[in-house]
Each structure stands twice: as C-alpha cells, then as structure tokens.
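Participant: let's see this in three dimensions:
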Amino acid sequence: MNNKFLLSICVIGVLAIMVSCKKTGIISDKNASVFTSADTLHFDTVFTTTGSVTQYVKIFNNNDQNIILSNVQLMGGANSYFSMNVDGSSGTTFSNIEIAPNDSVYIFVKVSVDSNNKQLPFIVQDSIRYTFNGNTRFIQLDAYGRNAIFLRNTYITQNTTFTDSLPIVILGGLYVMPNVTLTINPGTAIYSHADAPIEIYGTLRAMGDSNNRISFQCDRLDNPYNTYPGSWPGIFIYDQSDTSVMNFTNINNAYQGIVVTGTAPHAHTMLTLNECIINNISAEGILGTSASITAVSCLFSNCGTNVSITSGGNYFFNQCTIVSYDNSYVAHKIPVVSISNNDGTNPNSLTCIFNNSIVYGEGGLVNDEISVSQIAGPAFNVNFYNVFYKLKDNLNNGNVIFNNACIRNQIPAFMNIDLGNNIYDFHLQDTSACIAAGNSNFTSPYDINGRNWGSSYDIGCYSH
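Facilitator: So this is what the prediction gives:
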C-alpha cells in the first residue's frame, strides 16, 4: 500500500479526533437567539388546596454554541402559589444552566391555591425570570383559584343539606347512611375526585330546578381533563336506599353514571329522575340491577351503554332521549339499551316501559340499539309506545311489544351533531319525524328544560 495514502488516512483520523474533542464554545453575545415555547402559562380554575395539573415551558438555545442562563428564578419565591422544577430539580432559583446548541431546557410548573374568603373565582399570578448575556426576560404565570367545601371519606349520619354557597369537593368518597336523607339544594355543584364514589344507603334528594341545575362531575377543571369520561366513579344507590329523587341534575364524565342495586320486586320506586342529564360516561349511564327506576324527560347521551337493565325489576322511561355517537371519548360498541331478567343464576320478573322516547345511535359497530335477553320463567313484559328507535331486525320475542305508532330506522334530525368539536345538540329540527309523534298516555308536564309540552307531545326529552 502507498505510504502517502497511509499517511493521509492517519492525518484525517487525527483531525477528526481533534475536531470531536474540541469543546463547543459559549456564546456571550447580548443578541444571542433564545426563545421560549410560551410566554405565559395559564391554569384553568383550580380548587383551593387540591393542586393543578403540571404544565411546562421550554427555553430554546437557537445558536451554534452553548449558552448559559445565569439565573432562572420564581419571583414569588417560597411564598408563591406556584412551584417550579427545572430539568428534574425542584426549587425557586437556579444558576448557570448551560444549554447546548439547538437544544432546550424544560421548566415544569404546578399551582396550589390557598383558601381565602372569596366565594367567586379569584386570580393568582407570578412570573419566572431568566437572564442570559445581560438580558432579562419573563414567563408569566396565572391561575384562577376557587374556594370549596372539602369532604374527605365523609359519612352522612344525620339528615344533611348541601347548599350552593360554595362548590363541594368529594375526596375519598361520600356515604349516606341508612335512614338518613341528604338533600341537595338548587344550583349546588359537586365535584368528585378520581377516588371518590358517592354511595347512597339512605335517601338522596337532589332538588334542582330549571334555572338552577345541580351538577355532579370530576374535580379536574383544567383542559383536557374536564372532558374525559371515567374521571370519577359515579353514584351508587343500594337496596337499603328509599325513594331517592333527582330533579334537574347533570351527571358528567363518570365511569358509571348511576348504579341502582335492589332486590326485585320493589313496592316503591328506588330512584326517580326528572329532567336529568347523564352524559359522557365510560360504562353504564344508568345501570339497574333488580331495581325500580322511573326517568321522565331525561337525556342519557354518549355512554358506553346508556341504559342497562339486569336481573329484572321495574322500569319506566317517559319522554327520554337515549342516544350515543361513536366519538374520540366513548366508543360506541354496545347498544344504547340493554335489557335482561338474568342475574347470572336465576331469572327475575321484569316490567319495563319506554314511552315517547328516542333510542338511537350512530357509528361504531352497532346495528341494533336495543338488546333484549330473557330467561323463561317469571313475568317478562317490555313495551315500547311511540318510540323512535334503531333496530335492524325485529326482536324475536313475543314479550317485547312495539305499538304501531313507533318509528323505526329513520334519522332523528337532531339540531347539531359536530363530532370533531364535541358538540351535541339533541333538540329537534323542524324536519324531525319525532315532532308531535308522541302520545299523552303517561302525562309529563315538562320537558328537560322545564318547558310545558303544550297540546301535543314530541318524542324525546326536548319540546320542539
């Protein structure tokens, strides 16, 4: 081999080693290019003492040399509502943070808001100052805090009333004991943590009205968590419970909306729902097991399965809209209504009536939005009167009756369904076949908004 060629190879190798070992310089120019991924971190409403989701901002070095942040400081210091973490280390001030060329450093921020005497949301603010090469810049921080009444692993052992004076945040669970009534006044907002079921062994009376609805939802109010289904366990009503009532009440984003477990048959109605909304639920919107439930002018929308009836019982759904669309939050894999008299071992008697109601779904793999399973033996009666429903084939069960005024396999013509923007308006368009197609057999005075039905009844929960 040519000696000159070998020498060239050696020289190139030495130069490569020298270049690779050369330390990247540090830029000290005041005009060095540094920018952030955001100039403000904004936190949506945070309940006092519970803390927030973590957000982050990145500081980029857009130069071909290292740059040193001489100081990064949380201006409020140890007394700030905010806390800061810089590349894995917690603190309020950091010095001499070196950033490689075309690289960045992460700053993570959380907020916890102490209570004060304000009932309305209040704003807290701070800033992060960072300096480099004689420059001083700021990242602004702001959050809306809100006071609340916090109940942790709370057992209600005497008659109690919740009011709308402050939101109520449930941590660990809320338990209403037998022979005790929990009354919830109009306008009260209840927020449950991810570990916090609401269990009723006594009586629940949620007495909202058309102008002041009661709401149950998760305690995460920041986007996108405030729209996630399955964010809290749900409401559970047990056999010891007696004649619970919920009026003008919204239940959102739970794993299960309401679960009612009884021992059929019941001489009384375990739960009555009037003008209620159960929406965006991971599993069952309403699950009745050997229970007795009445629902009037209610909306059950976008649930894993909207209405699930097992082990028999007595059920009445009047002027209800029961509907699901396959969407990015809840996949539509199960019929919106499932009915069975089987408890896994023995069948129980079942009576179930749907009147002036919509039973409908779109998307997913579901063709039939009504599923009925019967084990022969005890009484079994399922009746649909003036129901708008989606069903590919007729149910082969002589104990399931659809009257001649039912409407099958049409488009309901809801006012606005926008899956991309998560907008669902289940009011009826002028062209809907549901308008004036109901009956007056089971008179209900008001629709879901508290409007009088007038001289004719539409199908569904909304009066056109």
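Participant: quick one: low-confidence parts of the protein?
Facilitator: 1-23, 49, 51, 115-121, 264-267 (pLDDT under 70).
Participant: is residue 78 in a helix, a strand, or coil?
Facilitator: Here residue 78 is recorded as helix under DSSP: H, G, I helix; E, B strand; the rest coil.
Participant: look up how far residue 91 lies from it.
Facilitator: Distance, residue 78 to residue 91, using CB to CB, to the nearest Å: 10 Å. (Each C-beta comes from the backbone N, C-alpha and C, glycine too.)
Participant: between the two, which is the more surrounded one?
Facilitator: residue 91 (13 against 8; other CB atoms under 10 Å).
Participant: ok, that one touching residue 84?
Facilitator: Yes: with contact defined as CB atoms under 8 Å, residue 91 reaches residue 84; the gap is 6.9 Å.
Participant: quick one: the strands in the stretch 251-400 of the chain, in order.
Facilitator: 258-261, 271-274, 277-296, 299-318, 321-325, 337-340, 350-355, 358-362, 370-373, 380-385, 388-389, 400-402 (DSSP state E, counting those that start in this stretch).
Participant: pretty sure residue 284 sits against residue 310.
Facilitator: No: using CB under 8 Å, residue 284 makes no contact with residue 310, being 9.7 Å away.
Participant: looking at the two, which is more packed in?
Facilitator: residue 284 (26 against 22).
Participant: what bridges to the more buried one?
Facilitator: Listed by DSSP bridges, the beta-bridge partners for residue 284 are residue 305.
Participant: show me what contacts residue 268?
Facilitator: Residue 268 is in contact with 242-243, 292, counting by CB atoms under 8 Å, 6 or more residues apart in numbering.
Participant: of the residues you listed, which is the nearest to residue 449?
Facilitator: residue 243 (25.2 Å; CB to CB).
Participant: which residues in this structure form helices?
Facilitator: 3-21 (DSSP state H).
Participant: quick one: stretch 188-206 to chain centroid distance?
Facilitator: 15 Å (CA atoms, centre = their mean, to the nearest Å).
Participant: coming back round to it: turn the strands of the stretch 251-400 of the chain into CSV, including distance to residue 236.
Facilitator: Formatted as CSV, the strands of the stretch 251-400 of the chain follow (distance: least, CB to CB, whole Å):
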stretch, distance to residue 236
strand 258-261, 5
strand 271-274, 11
strand 277-296, 9
strand 299-318, 14
strand 321-325, 21
strand 337-340, 19
strand 350-355, 21
strand 358-362, 25
strand 370-373, 23
strand 380-385, 25
strand 388-389, 29
strand 400-402, 29
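Participant: nearest to residue 418, of those strands?
Facilitator: strand 321-325 (10.1 Å).
Participant: partner strands of the closest one, parallel or antiparallel?
Facilitator: strand 299-318 (parallel), strand 358-362 (parallel).
Participant: closest to residue 172 out of the strands of the stretch 251-400 of the chain?
Facilitator: strand 258-261 (18.6 Å).
Participant: hmm, who's touching the closest one?
Facilitator: Applying CB under 8 Å, 6+ apart, the set of residues contacting strand 258-261 is 234-239, 251, 270-271, 273, 278, 284-293.
Participant: is residue 380 bridged to anything, and to what?
Facilitator: Going by DSSP bridges, residue 380 forms beta bridges with residue 350.
Participant: now do residue 322
Facilitator: Under the criterion used (DSSP bridges), residue 322 bridges to residue 300, residue 359.
Participant: so it is in contact with residue 338, correct?
Facilitator: No: the pair residue 322 / residue 338 is not scored as a contact, 11.1 Å apart, by CB under 8 Å.
Participant: between these two, which contacts overlap?
Facilitator: residue 307.
Participant: neighbour count: those two, which is higher?
Facilitator: Between residue 322 and residue 338, counted using other CB under 10 Å, the more crowded position is residue 322 (32 against 19).
Participant: any idea how far the more buried one is from residue 302?
Facilitator: Residue 322 is 11 Å from residue 302, where distance means CB to CB.
Participant: spit out the residues that contact these two alike.
Facilitator: What both residue 322 and residue 302 touch, as defined by CB under 8 Å, 6+ apart, is an empty set.
Participant: so how far is stretch 386-394 off the chain centroid?
Facilitator: The answer for stretch 386-394 is 29 Å, by CA atoms, centre = their mean.
Participant: got the end-to-end distance for it?
Facilitator: 16 Å (CA to CA, to the nearest Å).
Participant: what's that stretch in contact with?
Facilitator: Against stretch 386-394 from outside (CB under 8 Å, 6+ apart): 354-361, 367-370, 402-403, 405-410, 412, 433-434, 437-439, 459-460.
Participant: OK, contacts around the residue lying closest to residue 232 once chain neighbours are set aside?
Facilitator: Using CB to CB, 6 or more residues apart in numbering and skipping residues adjacent in sequence, the residue nearest residue 232 is residue 192, 3.9 Å away. Taking CB under 8 Å, 6+ apart, we find residue 192 in contact with 169-170, 174, 198, 216-219, 232-233, 254.
Participant: keep only those of the residues you listed that are in strands.
Facilitator: Residues of the contacts of residue 192 located in strands (DSSP state E): 169-170, 174, 198, 216-218.
Participant: grab the most central residue of the chain for me.
Facilitator: residue 253 (2.4 Å; CA atoms, centre = their mean).
Participant: excluding its backbone neighbours, what's nearest that residue?
Facilitator: Residue 253's closest residue in space is residue 231 (CB to CB, 6+ apart), at 4.6 Å.
Participant: and that neighbour, backbone torsions?
Facilitator: For residue 231, the backbone dihedrals are phi -80, psi -10 (criterion: degrees, to the nearest 10).
Participant: residue 248 against residue 296, yeah?
Facilitator: No: with contacts counted by CB under 8 Å, residue 248 stays clear of residue 296, the gap being 11.5 Å.
Participant: what touches both of these two?
Facilitator: 274-275.
Participant: tell me how far residue 244 lies from residue 444.
Facilitator: For residue 244, the distance to residue 444 - CB to CB - is 19 Å.
Participant: neighbour count winner among the two?
Facilitator: The residue with more neighbours, out of residue 244 and residue 444, is residue 244; 24 against 18, by other CB under 10 Å.
Participant: double-check that one against residue 237; I have them as touching.
Facilitator: Yes: at 5.8 Å, residue 244 counts as touching residue 237 under the criterion of CB under 8 Å.
Participant: common neighbours of the two, please.
Facilitator: Contacts common to residue 244 and residue 237, judged by CB under 8 Å, 6+ apart, are 200, 204, 270-271.
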